[in-house]
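Student: Sequence first, then the predicted structure, then my questions.
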Amino acid sequence: QVQLVESGGGLVQAGGSLRLSCAASGRTISNYALGWFRQAPGNEREFVASIRRSGGSTRYADSVKGRFTISRDNAKNTVYLQMNSLKPEDTAVYYCAVEIRPYGLGLRDFGSWGQGTQVTVSS
């Protein structure tokens, strides 16, 4: 089973950037599609972005299109989320997970969740 550990969160001003990392262990991620989700206080966990095994195909939530970029380095067993032009509404705990149902975007389509990393965007 894959274990995932997120890092790179922090406090940033609106308009700033952060890059989140999701390091995998236990198995190589080259066999898996992966995704990023986020959960703000009082809200349900929501899909942010996903990337196929080869990295050639990505999907994004409408709220982050054009600002966030998901990428992967299979040699480093790591997936990244580059977040630019951050807004206060991006404040949330960000999680990465392994896709268990192809092309799904729901929580049940992903597994092996990491513990999350906090992103706080101040106005």
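Tutor: Ah, there it is.
Student: so residue 69 touches residue 81, yeah?
Tutor: Yes: judged on Cβ atoms under 8 Å, residue 69 makes contact with residue 81 at a distance of 7.4 Å. (Each C-beta comes from the backbone N, C-alpha and C, glycine too.)
Student: Which one of these two is surrounded by more residues?
Tutor: Counting neighbours by other Cβ atoms under 10 Å for residue 69 and for residue 81 shows that residue 81 has the greater number, 26 against 16.
Student: thinking again about what came up before, and for residue 69 and residue 81, which residues touch both?
Tutor: residue 49 (Cβ atoms under 8 Å, 6 or more residues apart in numbering).
Student: ranges for the strands of this structure?
Tutor: For the chain, the strands defined by DSSP state E occupy 3-7, 10-13, 18-25, 34-39, 46-51, 58-60, 68-73, 78-83, 92-99, 110-111, 117-122.
Student: dump the residue contacts of residue 85.
Tutor: Here residue 85 is in contact with 15, 17, 67 (Cβ under 8 Å, 6+ apart).
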